[in-house]
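This is a predicted model, with the sequence first.
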Amino acid sequence: MQDDTIKLLRECNAGIKMGVSTLDEVLEHVQDEKLKNLLAKSKETHTELGNMTHAYLNEYHDDGKEPAMMAKVMSWVKTNVKLGGDDSDSAAADLVTEGCNMGIKSLYQYLNQYPAADDKVKKLAKDVAKAEEKLVENLRPYL
């Protein structure tokens, strides 16, 4: 049980870090104030969830997990290529939507992969997925 719990926490931790990093990068290119506020609010939500993840990791005396270097590099390249020449809000919304969809898929895969994880940690993973789903829904008008 503890092994599944730690593994699920590590994956949540890495995913949240990727999400916050992407939001930081995209926010630099967004022009529309409503969209900028929406993304900033999402970053706050992700940061709060990340803080909860860290608190749980501390309970299990674990340092967490950094996102894979290749994933970070690919995300940075994709963000800067997509938004480098075209700073449109639509491109930013599309990029964040893609990232959210990948995150949601990964979270549910990890929930299935680590079924013996502690219930509070599974709830945290589901809360992260819900935050991603809500962001995707809120981004639709900008696509």
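Yes, it's here. Numbers count the residues shown, from 1 in each chain.

On the three-state scheme, residue 63 is what?
When the structure is split into helix, strand and coil by DSSP: H, G, I helix; E, B strand; the rest coil, residue 63 lands in coil.

what's the following helix or strand after the lowest-mean-pLDDT helix or strand in the chain?
Taking mean pLDDT, DSSP states H and E as the measure, the helix or strand of the chain with the lowest value is helix 69-84, at a mean of 67. Following helix 69-84 in sequence order, the next helix or strand is helix 89-113 (DSSP states H and E).

Please identify the buried residues of that following helix?
Neighbour counts using 16 or more other CB atoms under 10 Å place 89, 91-97, 99-100, 102-104, 106-107, 110-111 of helix 89-113 among the buried residues. Backbone N, C-alpha and C define where each C-beta goes, glycine included.

swap in stretch 13-24?
13, 14, 15, 16, 17, 18, 19, 20, 21, 22, 23.

If you compare the directions of the helix or strand where residue 25 lies and helix 89-113, what angle comes out?
In this assignment (DSSP H and E), residue 25 forms part of helix 2-27. When axes from the mean of the first three to the mean of the last three CA atoms, to 10 degrees is applied, the directions of helix 2-27 and helix 89-113 differ by 180 degrees.
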